[in-house]
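In: A predicted structure for the sequence below; I have some questions about it.
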Amino acid sequence: QFDQDGAFLGGNFIATVGIDFRNKVVDVDNLKVKLQIWDTAGQERFRSVTHAYYRDAQALLLLYDITSKPSFDNIRAWLTEIHEHAQKDVVIMLLGNKSDMAAERVVKTEDGEKLAKEYGVPFMETSAKTGVNVDLAFHAIGKELKHRATQQPNEPKFQIHDYIESQKHKTGCCGP
Ligand SMILES: Nc1nc2c(ncn2[C@@H]2O[C@H](COP(=O)(O)OP(=O)(O)OP(=O)(O)O)[C@@H](O)[C@H]2O)c(=O)[nH]1
């Protein structure tokens, strides 16, 4: 099914609102953490609606497509937008998706890393097609939220950056 702009409308996508959602349960240290994932459309024409949905979110995954420079350039606008509307302690993660499409890559891994560093958010490249780093992204979010909910006063804070760095499968120039 295609809408007027030629965008594919898949899954439970609600075309008129630009939002889809599904649940995912992740196992974190023998605890089940249920994530309710809202997938909001990135297109400008949905911008006025989507902020109402991420305003109360505990975590935000910002995805761009490594084969699309405009999608990467859009991330700054989203980070500004999030700064204005999202919860102050929201967990943010920057993901460069389609890492399987190396031949069509136009956004360097280092550019993603640099942007993430500038905004102080964790970063990794993912592939929804092959699954690379996808579970890790959700697992890291689940771990962070579980720690926040159950943290004891003397317990060291969970370091999501360190956790991701130690677990991620690198897809850039020099990784394994
Ligand atoms: N090769 C490859 N294709 C992907 C990957 N992720 C998504 N795609 C494809 O890219 C196209 C767009 O995916 P969508 O999930 O609809 O992208 P979107 O940004 O959510 O699009 P909207 O929902 O319209 O905002 C589809 O044809 C997907 O199959 C990936 O990691 N690798």
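Out: Great, that's in hand.
In: find the nearest non-adjacent residue to Leu31, please.
Out: With sequence-adjacent residues excluded and distances taken as C-beta to C-beta, 6 or more residues apart in numbering, Leu31 is closest to Lys146, at 5.9 Å. Every C-beta, even on glycine, is put in place using the N, C-alpha and C of the backbone.
In: and that neighbour, what does it touch?
Out: With contacts defined as C-beta atoms under 8 Å, 6 or more residues apart in numbering, Lys146 is in contact with Val28, Asp29, Leu31, Val33.
In: 6 Å instead, please
Out: Residues near Lys146 by C-beta atoms under 6 Å, 6 or more residues apart in numbering: Val28, Leu31, Val33.
In: host element of it?
Out: Per DSSP states H and E: Lys146 is located in helix 134-150.
In: buried residues in the helix or strand just after that helix, which are they?
Out: Sequence order places helix 160-167 as the next helix or strand after helix 134-150, per DSSP H and E. Residues of helix 160-167 classed as buried by neighbour count (16 or more other C-beta atoms under 10 Å): Ile160, Tyr163, Ile164.
In: from Leu145, how far out is the residue lying farthest from the centre of the chain?
Out: Largest separation from the mean C-alpha position in the chain: Asn154, at 29.9 Å (C-alpha atoms, centre = their mean). Asn154 sits 20 Å away from Leu145, going by C-beta to C-beta, to the nearest Å.
In: cool, Thr40 as well?
Out: In this view, Thr40 and Leu145 are 19 Å apart by C-beta to C-beta.
In: ok, Lys108 - how many residues close by?
Out: 14 (other C-beta atoms under 10 Å).
In: make TSV out of the contacts of Lys146 and add neighbour count.
Out: What follows is the contacts of Lys146, written out as TSV (neighbours: other C-beta atoms under 10 Å):
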residue	neighbour count
Val28	18
Leu31	12
Val33	19
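In: can you pull the contacts of the spatially most central residue of the chain?
Out: The structure's the chain has its C-alpha centroid closest to Leu61; by C-alpha atoms, centre = their mean the separation is 2.0 Å. Leu61 is in contact with Met93, Leu95, counting by C-beta under 6 Å, 6+ apart.
In: kindly confirm my reading that it forms part of a strand.
Out: Yes: under DSSP: H, G, I helix; E, B strand; the rest coil, Leu61 falls within a strand.
In: tell me the spacing between it and the ligand.
Out: 11 Å (C-beta to the nearest ligand atom, to the nearest Å).
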